[in-house]
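K.L.:
Provide a 3D model corresponding to the input given below.
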Amino acid sequence: MIKEIRQLAWKRFNIITASIGDIQGRFILTIFYFSILVPFGLLSRRSSASFDKQPTDLWIERDPVASDLESARRQS
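P.N.:
Residues are numbered from 1 along each chain as shown. Next up is the predicted model:
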């Protein structure tokens, strides 16, 4: 009799603590997000605006390649 009551109480305790833990975890992650990640993102965006962000040309000028059979054989 006591064993069944204890098992039932333990199961209900686990259900309650799991829901409390879920709420607490969401709360801690929300506080972490708004107190650490958001200010870091805003500061990094503000500081990176001062750097020169002009796009550079990444194309490399190359000599035209011959398209005859003999030059294709010489590739290897």
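K.L.:
pLDDT-wise, which helix or strand of this structure ranks last?
P.N.:
helix 38-48 (a mean of 83; mean pLDDT, DSSP states H and E).
K.L.:
which other helices and strands does that one contact?
P.N.:
Here helix 38-48 touches no other helix or strand, going by 3 or more CB pairs under 8 Å, 6 or more residues apart in numbering; DSSP states H and E. All C-beta atoms are positioned from the backbone trio N, CA, C, and that covers glycine.
K.L.:
can you tell me what sits against the helix or strand following that helix?
P.N.:
Of the helices and strands lying after helix 38-48 in sequence (DSSP states H and E), the nearest is helix 69-73. Helix 69-73 has contacts (CB atoms under 8 Å, 6 or more residues apart in numbering) with Val65.
K.L.:
same question for helix 69-73, mean pLDDT?
P.N.:
Averaged across helix 69-73, the pLDDT comes to 88.
K.L.:
any idea how far stretch 31-50 is from the chain center?
P.N.:
15 Å (CA atoms, centre = their mean, to the nearest Å).
K.L.:
name the element Ile28 belongs to?
P.N.:
helix 2-32.
K.L.:
and the angle for that helix with helix 38-48?
P.N.:
Taking axes from the mean of the first three to the mean of the last three CA atoms, to 10 degrees, one finds helix 2-32 and helix 38-48 inclined to each other by 20 degrees.
K.L.:
any idea how far Gln75 is from Ile15?
P.N.:
Distance of Ile15 to Gln75, computed by CB to CB, to the nearest Å: 70 Å.
K.L.:
now Asp68, what are its backbone angles?
P.N.:
Per-residue torsions, Asp68: phi -90, psi 170 (degrees, to the nearest 10).
K.L.:
all set, thanks.
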